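# all I have is the shape, not the residue letters:
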């Protein structure tokens, strides 16, 4: 036979963090609590959490948090979905590692602005490379070499070539 007991489930504010336990401000009192979340969350003072319990209090949810959630694996980590995987961040998304590799049948990058910074860049295409722009400018501080089987340059207006020496042929 079951007996009826009441267990409080209530929002609570983190007042202090000490030795992995949290001092919470509950509606009627303060109490020390342990995290009982299904994911690794590091609460911060001021977070509003969902607490359960009377004598022993446990945190079972995050209502308003500023702490970090960090998933860490001791070895390789693989994420797989039979559908799409989306990663988004309101303040941005950052990938970092000694080597980052993207492998795809089709790679599409869409941005309002793009900035690339490299020490060296090598691009190889077995098909076409095409750049379309309203304006284009290339700045090279050292020698610039263009080598091709055939070069066709065409302008609807003027063509200017300026240099100390211009060698043709």
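Arrived safely, thanks for sending. What you see is a predicted model; the values in this text were computed from it and never measured.
# all strands of the chain, in order?
9-18, 21-25, 30-35, 41-42, 48-52, 57-64, 68-69 (DSSP state E).
# other SSEs contacting the third one?
If I follow you right, that is strand 30-35. Here strand 30-35 touches strand 9-18, strand 21-25, strand 57-64, going by 3 or more CB pairs under 8 Å, 6 or more residues apart in numbering; DSSP states H and E. For glycine as for every other residue, the C-beta is placed from the backbone atoms N, C-alpha and C.
# rebuild the strands of the chain as TSV, extending it with mean pLDDT and mean neighbour count.
TSV is the format used below for the strands of the chain (pLDDT from 0 to 100; neighbours: other CB atoms under 10 Å):
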stretch	mean pLDDT	mean neighbour count
strand 9-18	96	15
strand 21-25	97	19
strand 30-35	96	16
strand 41-42	95	16
strand 48-52	97	20
strand 57-64	97	16
strand 68-69	93	10
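# can I get the ones you listed in JSON lines with distance to residue 79?
What follows is those, written out as JSON lines (distance: least, CB to CB, whole Å):
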{"stretch": "strand 9-18", "distance to residue 79": "30"}
{"stretch": "strand 21-25", "distance to residue 79": "30"}
{"stretch": "strand 30-35", "distance to residue 79": "24"}
{"stretch": "strand 41-42", "distance to residue 79": "19"}
{"stretch": "strand 48-52", "distance to residue 79": "27"}
{"stretch": "strand 57-64", "distance to residue 79": "22"}
{"stretch": "strand 68-69", "distance to residue 79": "15"}
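# for the helices and strands packed on strand 30-35, give me TSV that also has distance to residue 157.
Converted to TSV, those look like this (distance: least, CB to CB, whole Å):
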stretch	distance to residue 157
strand 9-18	67
strand 21-25	71
strand 57-64	61
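# of all the strands of the chain, which one comes closest to residue 114?
Smallest distance to residue 114 across the strands of the chain (CB to CB): 28.8 Å, for strand 68-69.
# distance from the chain centre to the closest one, please.
13 Å (CA atoms, centre = their mean, to the nearest Å).
# and the contacts of it?
39-42 (CB atoms under 8 Å, 6 or more residues apart in numbering).
# kindly check the end-to-end length of stretch 14-32 for me.
Stretch 14-32 has its terminal residues 10 Å apart, counting by CA to CA, to the nearest Å.
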